[in-house]
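> I would like the atomic coordinates for the input below:
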Amino acid sequence: MAWLADAAVTPPDIVGRYVMAGSALVAVSPPGDIAGFAYYQVADDTCYLAELSVVPAFAGRRLGAKLIDRVAARAARVGAARMVLRTFRDVPWNAPYYARLGFQPVPSAAENMPPFTRPPLDDIVSSEAAGGLDPGSRVFMERPLTSRMGREQPQHGNGDHVR
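Prediction:
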C-alpha cells in the first residue's frame with residue numbers, strides 16, 4: 001500500500017473552494033501553510049467526512065483528531081447525529097486510526113443509513129469500484145455525535161483554522 005501514502009491529495013485551490021463553501025476546515029501552521037484539512041458534507045442527520053489529510057511533516061501532533069473533532073462540533077450544531085466515513089479496512093493509518101477515535105465499522109451501510117443518505121453512499125462505493133478499488137478492502141465507519149460537541153466554540157474567526 002505504499003502507493004496510498006504517496007497518492008496525491010486535493011490541491012490547495014480546491015481545498016480553498018471547500019472552505020469558502022463552508023464544507024472544509026483547514027489546519028494552518030504558524031507560517032501560514034496548510035498543515036491539514038478535513039472536507040465534509042452534512043445531509044439530514046449525517047455528516048460524511050469525505051477527506052481528511054495531514055501533511056506528513058505535521059503527523060503525530062493529533063492534528064487529524066482535532067480536525068475531526070471540529071467537524072463533529074460543526075455538524076452537531078446543524079443537527080447531525082453521526083459522522084460517517086469510508087476508508088481502507090486494513091491500512092494502519094486508516095480504519096484502525098479511526099477506530100481509536102471512536103468510529104465503528106458499519107456492518108451494512110444500506111441497512112443502517114437514513115434513506116436520503118443511502119444513494120450518495122452507494123454512489124461512493126460505485127465510484128471507488130469504477131476507479132479500480134476493491135470494495136472489499138474498504139469499509140464505512142461511523143461515530144455518534146453528541147450535543148456536547150455542539151457547544152464547542154471556534155478558536156479563531158469562523159473556526160476554519162485549527163491550532
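
> For stretch 85-92, give the mean pLDDT please.
Averaged across stretch 85-92, the pLDDT comes to 86.

> Just give me how far it sits from the chain centre.
Computed by C-alpha atoms, centre = their mean, to the nearest Å, the separation of stretch 85-92 from the middle of its chain amounts to 12 Å.

> Using PDB, list the CA coordinates for that stretch.
What follows is stretch 85-92, C-alpha atoms only, in PDB (Å, rounded to 0.1, in the frame of the first residue of the first chain):
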ATOM      1  CA  LEU A  85     -16.600   8.000   6.500                       C
ATOM      2  CA  ARG A  86     -15.300   5.400   4.100                       C
ATOM      3  CA  THR A  87     -11.700   4.200   4.400                       C
ATOM      4  CA  PHE A  88      -9.400   1.300   3.800                       C
ATOM      5  CA  ARG A  89     -10.200  -1.600   6.200                       C
ATOM      6  CA  ASP A  90      -6.600  -2.800   6.900                       C
ATOM      7  CA  VAL A  91      -4.300   0.200   6.400                       C
ATOM      8  CA  PRO A  92      -2.900   1.200   9.800                       C
END
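
> Show me what counts as buried in it.
85-88 (16 or more other C-beta atoms under 10 Å). Placement of C-beta: from N, CA and C, glycine included.

> any idea how far the residue nearest to the spatial centre of the chain is from residue 132?
By C-alpha atoms, centre = their mean, the chain has its centre lying nearest to residue 49, at 2.9 Å. In this view, residue 49 and residue 132 are 22 Å apart by C-beta to C-beta, to the nearest Å.

> can you check residue 15 too?
Residue 15 is 24 Å from residue 132, by C-beta to C-beta.

> okay, these two: which has more neighbours?
residue 15 (21 against 6; other C-beta atoms under 10 Å).

> mind listing what the more buried one touches?
Counting by C-beta atoms under 8 Å, 6 or more residues apart in numbering, residue 15 makes contact with 24, 26, 34, 37, 39.
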